[in-house]
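# Could you work out the structure for the sequence below:
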Amino acid sequence: MSNLPATKTKLVIVEGIPGSGKSTLSRYIHDMLNTHQIESELFLEGDLRHPADYESVACMPNEELDQLRSIYSEAFHYIDPFISLNGNDALIAYALAQQSAQNEIPSSLYEEIRRYEIYDGVPVEKYCELMIQRWKSFVKDQREKEKLMILECCFYRTQGVHYSPGMMLEKTVLFSMYYRLRSKFRS
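As a prediction, the model looks like this:
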C-alpha cells in the first residue's frame, strides 16, 4: 500500500463477467484499505442501498401511481416513504419498501410496481436519462465526502443489459455514459 499514488482517489469500480471474482476482489480491496486505515465503503452488486445504481427501483408515471394508490390505499403507507418524484414520474424503491414492511405489501401490488423496473420496464432512452441523473447526484455527493467508495458491478451487468444480441445498443449507450461520467470525475 505504500506504493499507492498520493492522489485523493475517491472511487474504485470493479467490473467483470459473471463468476470472474468481482465480489472477491471488491471485498479484498475494502479489507486492504481498512487494514491501512483508509476509510472506505463497499457496495456490492444487488445492494438495495447502492448510491449509483437503481437496484429494484421502478419508474412509474405519476398518473399510474395515483391509480394504484387509490386501488391499494390500505397498503400504500408501506410504499410512500420509498417514493421520490422525478418530473412526471415516481421512482419507487419497491424492494426496500417490501423489506421494510416485512413482506406485508400485497403481492399483486408489488408485482404491478415491479412491471416498471428501471432495468426491464422503461425504454433505453429513459433508462439512460435516469442513470445519468443518478450518477450526477452520486458525483455531487461524493465530492463532498472524504470516504473512498468501492462499487462492484454497476455498469455492465445490470438486469436490462445482459449479453443478448438485442441489447447491444443499450450496452453501447452505457459505455458512452461511462466515459462521459469518468471525465466528470476527473475534473
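# alpha carbons only for contacts and neighbour counts from here, please
Will do.
# What's the local residue count around Leu65?
Look at Leu65: counted by other CA atoms under 10 Å, it has 18 neighbours.
# In which helix or strand does it reside?
Following DSSP states H and E, the helix or strand that holds Leu65 is helix 62-71.
# And for Pro18?
Assigned by DSSP H and E, Pro18 falls within no helix or strand.
# residues touching it, list them.
Residues in contact with Pro18 (CA atoms under 8 Å, 6 or more residues apart in numbering): none are found.
# gap between it and Ala75?
Distance, Pro18 to Ala75, by CA to CA, to the nearest Å: 37 Å.
# And for Leu11?
39 Å.
# got the residue ranges for the helices in this structure?
Secondary structure of the chain (DSSP state H): helices at 22-35, 62-71, 76-79, 94-100, 107-114, 118-121, 124-143, 168-186.
# report the angle between the axes of the second one and helix 107-114?
The reference is to helix 62-71. 170 degrees (axes from the mean of the first three to the mean of the last three CA atoms, to 10 degrees).
# list the helices and strands helix 62-71 packs on?
In terms of contacts (3 or more CA pairs under 8 Å, 6 or more residues apart in numbering; DSSP states H and E), helix 62-71 is packed against strand 89-92.
# other SSEs contacting the strand it packs on?
strand 58-61, helix 62-71, strand 83-86.
# same thing but at 7 Å, please
strand 58-61, strand 83-86 (3 or more CA pairs under 7 Å, 6 or more residues apart in numbering; DSSP states H and E).
# Pull out the buried positions in stretch 34-42.
Residues Ser40, Leu42 are the ones in stretch 34-42 that count as buried (16 or more other CA atoms under 10 Å).
# returning to what we had before: what would the helices of the chain look like in CSV with mean pLDDT and distance to Ile150?
Shown next, in CSV, are these (pLDDT from 0 to 100; distance: least, CA to CA, whole Å):
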stretch, mean pLDDT, distance to Ile150
helix 22-35, 92, 7
helix 62-71, 96, 34
helix 76-79, 96, 29
helix 94-100, 94, 21
helix 107-114, 96, 28
helix 118-121, 83, 22
helix 124-143, 84, 12
helix 168-186, 51, 14
